[in-house]
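Undergrad: need a 3D model of the following:
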Amino acid sequence: LSIANFRYRPAGRELTEAALDTINRRIVNRLVGEGSFFLAPTILKGRTALRVCIVNFRTREEDLNFLLDESARIGAEEARRV
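TA: Residues are numbered from 1 along each chain as shown. Presented below is the predicted three-dimensional model:
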């Protein structure tokens with residue numbers, strides 16, 4: 001399957017589920033807005049998550065690592081704002 005969903009949740013920090021939903025929406029908006037990736041938000045069990053669909057046969061492990069690294073970087077920046 002080419003679809004994966006994940007959710008940013010910072011380690012060692014207690015945030016409300018609503019705050020995490022906001023952070024995850026902001027991550028998607030920034031990644032798409034910066035042109036780094038095209039992914040979409042989705043709702044799983046009532047919570048916002050990031051949804052990526054990998055269809056390009058040229059996608060490499062490094063590309064996925066970059067997606068996760070950028071998501072974590074932006075998530076950390078956004079977590080400081082809430």
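Undergrad: okay, now the residue nearest to residue 64 when sequence neighbours are not counted: neighbour count?
TA: Of all residues not flanking residue 64 in the chain, residue 54 sits nearest, at 7.6 Å (C-beta to C-beta, 6 or more residues apart in numbering). No exception for glycine: its C-beta is placed from N, CA and C like everyone else's. Neighbour count for residue 54, taken as other C-beta atoms under 10 Å: 14.
Undergrad: quick one: residue 54 and residue 37 touch, right?
TA: No - taking C-beta atoms under 8 Å as the definition, residue 54 is not a contact partner of residue 37, at 10.5 Å.
Undergrad: which stretches in this protein count as strands?
TA: Using DSSP state E, the strands assigned to the chain run over residues 3-6, 40-44, 47-53.
Undergrad: in a markdown table, list the ones you listed along with distance to residue 69.
TA: Rendered in a markdown table, the data for the strands of the chain read as follows (distance: least, C-beta to C-beta, whole Å):
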| stretch | distance to residue 69 |
| --- | --- |
| strand 3-6 | 13 |
| strand 40-44 | 19 |
| strand 47-53 | 13 |
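Undergrad: deepest of those strands, which one?
TA: strand 47-53 (a mean of 18; mean count of other C-beta atoms under 10 Å).
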